[in-house]
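*Asks:* Fold the following for me, if possible:
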Amino acid sequence: PQWTPKETVLRALGLVGGGAGVVIASGSTMRGQMGRIMGRGPIAAHSMGPFFLDYAHQPYPLSHFQKHRYLSSGFLHGSLLHLGMNLRAMLSMPSWLENGIGKGVYLSAYLGAIVTGNVAHSLTNLSGRAASSLCIGASGGVCGLYGLMLSGLMRMGNSSAAYYVLKQMVWLVAFGFLVPNVSNAGHVGGFVGGWLVGYLFGPGYERSYALNRADGASRDSADVEFRRMMGPGIYPSSDKAILPLKYLWMGIGAAMLARPDLRLVPLSLLRGILAPGAMSGVRSLLRT
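*Replies:* Okay, the predicted model is just below:
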């Protein structure tokens, strides 16, 4: 469509509505974060504006060259309804998932699941129209918390509760097949990512002689819900984790040092705030 300069600016800033997939520069040359020519391909625009475009995940070409999008897209939502549904899902999580298993593992599973969810989405959308579609939302991270819950219940030996979590995920995937514009691959990838973090880095569980004594209840620091999940006389121990959580972050740090495109992730996250639209190419449109 032919827009006036004013309409073009308003749509780019997200101040008025207008289609979710407008091609700004079809076949244009893309430049990386440091100004290098990095490839050719369409740069998709969205009525949400330049800030949105700098952080949304697009399997190709944007996320292929700008790796920060695998994480940043998890903090964007397409509408208040989209945001509200994910917030509701997070608020419905049991308190023991964060307070019992540990805030560090909880946050690591959530952030890691956003990335693994977007990776899974990319692997199933490698070519054609789907590869250039924009993917946003925290659903991968939320599903990662379900995966974290499953891993914790499995290590506790609570098979009945673990089966219930798996059944909920099956329903969620089935729902994704019925509703358009839902990435089932992102949900499953996030779930697997959260499970891996919980299983490898979450606490182990062991029996306590002191908790099994008659006065054990007075020594028990676990809340009622967590105790019901673990069973009597059992407590979590970070010393029983398969791997210390610090190994996960050390591995991420080593990967960022080894790969130049990953070293640019923190800078890219900051640049999207300081110069909205620069990484997606929208900024040059606003100057014309």
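*Asks:* count of neighbours near Tyr106?
*Replies:* 22 (other C-beta atoms under 10 Å). For glycine as for every other residue, the C-beta is placed from the backbone atoms N, C-alpha and C.
*Asks:* hang on, isn't it packed against Leu97?
*Replies:* Yes - here Tyr106 reaches Leu97: they are 6.4 Å apart, a contact under C-beta atoms under 8 Å.
*Asks:* Return every residue with contacts to both of the two.
*Replies:* Leu145, Leu148 (C-beta atoms under 8 Å, 6 or more residues apart in numbering).
*Asks:* Could you list the low-confidence segments of the chain?
*Replies:* For the chain, residues meeting the criterion pLDDT under 70 lie at 1-48, 127-132, 209-221, 284-288.
*Asks:* what do you get if the cut-off is 50, keeping everything else the same?
*Replies:* 1-3, 7-47, 214-216 (pLDDT under 50).
*Asks:* any idea which helix or strand carries the residue nearest to the spatial centre of the chain?
*Replies:* By C-alpha atoms, centre = their mean, the chain has its centre lying nearest to Ile114, at 1.5 Å. Applying DSSP states H and E as the criterion places Ile114 in helix 103-123.
*Asks:* For that helix, buried residues please.
*Replies:* The neighbour-count check on helix 103-123 (16 or more other C-beta atoms under 10 Å) flags 105-106, 108-122 as buried.
*Asks:* same question, stretch 239-255
*Replies:* Neighbour count says stretch 239-255 has Ala241, Leu245, Leu248, Ile252 buried, by 16+ other C-beta under 10 Å.
*Asks:* contacting residues around the residue lying closest to the residue nearest to the centre of the chain once chain neighbours are set aside?
*Replies:* Computed as C-beta to C-beta, 6 or more residues apart in numbering, the closest residue to Ile114 that is not its neighbour in sequence is Gly74, at 3.5 Å. Applying C-beta under 8 Å, 6+ apart to Gly74 gives the contacts Leu111, Ile114, Gly117, Asn118, Ile136, Gly137, Ala138, Gly140, Gly141.
*Asks:* right, and the second one touches Ser139 too?
*Replies:* No - checked against C-beta under 8 Å, the pair Ile114 and Ser139 is beyond contact range at 9.1 Å.
*Asks:* Need the residues touching each of those two.
*Replies:* Gly190.
*Asks:* so where do the helices sit in the stretch 51-200 of the chain?
*Replies:* Assigned by DSSP state H, counting those that start in this stretch, the helices in the stretch 51-200 of the chain fall at 62-65, 69-72, 80-91, 96-99, 103-123, 128-131, 139-156, 159-178, 184-201.
*Asks:* tell me the angle the longest one makes with helix 80-91.
*Replies:* So the one you mean is helix 103-123. On the basis of axes from the mean of the first three to the mean of the last three C-alpha atoms, to 10 degrees, helix 103-123 is oriented at 140 degrees to helix 80-91.
*Asks:* who does helix 103-123 touch, helix- and strand-wise?
*Replies:* Using 3 or more C-beta pairs under 8 Å, 6 or more residues apart in numbering; DSSP states H and E, the elements in contact with helix 103-123 are helix 69-72, helix 139-156, helix 184-201, helix 245-258.
*Asks:* Out of the ones you listed, which is closest to Arg227?
*Replies:* helix 139-156 (10.9 Å; C-beta to C-beta).
*Asks:* chain center to that closest one: distance?
*Replies:* 13 Å (C-alpha atoms, centre = their mean, to the nearest Å).
*Asks:* That one vs helix 80-91, what angle?
*Replies:* 10 degrees.
*Asks:* Which elements pack onto helix 139-156?
*Replies:* Packed next to helix 139-156, using 3+ C-beta pairs under 8 Å, 6+ apart, are helix 80-91, helix 96-99, helix 103-123, helix 159-178, helix 184-201, strand 204-207, helix 224-230.
*Asks:* May I have that helix exported as PDB, CA atoms only?
*Replies:* C-alpha atoms of helix 139-156 as PDB (Å, rounded to 0.1, in the frame of the first residue of the first chain):
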ATOM      1  CA  SER A 139       5.000 -19.300  26.200                       C
ATOM      2  CA  GLY A 140       8.200 -21.100  25.800                       C
ATOM      3  CA  GLY A 141       9.400 -19.900  29.200                       C
ATOM      4  CA  VAL A 142       6.100 -20.800  30.800                       C
ATOM      5  CA  CYS A 143       6.300 -24.300  29.300                       C
ATOM      6  CA  GLY A 144       9.800 -24.500  30.600                       C
ATOM      7  CA  LEU A 145       8.500 -24.000  34.100                       C
ATOM      8  CA  TYR A 146       6.200 -27.000  33.500                       C
ATOM      9  CA  GLY A 147       9.300 -29.000  32.400                       C
ATOM     10  CA  LEU A 148      11.000 -27.800  35.600                       C
ATOM     11  CA  MET A 149       8.100 -29.000  37.600                       C
ATOM     12  CA  LEU A 150       8.100 -32.400  35.900                       C
ATOM     13  CA  SER A 151      11.900 -32.900  36.500                       C
ATOM     14  CA  GLY A 152      11.400 -32.000  40.200                       C
ATOM     15  CA  LEU A 153       8.500 -34.400  40.600                       C
ATOM     16  CA  MET A 154      10.400 -37.200  38.900                       C
ATOM     17  CA  ARG A 155      13.400 -36.800  41.100                       C
ATOM     18  CA  MET A 156      11.100 -36.700  44.200                       C
END
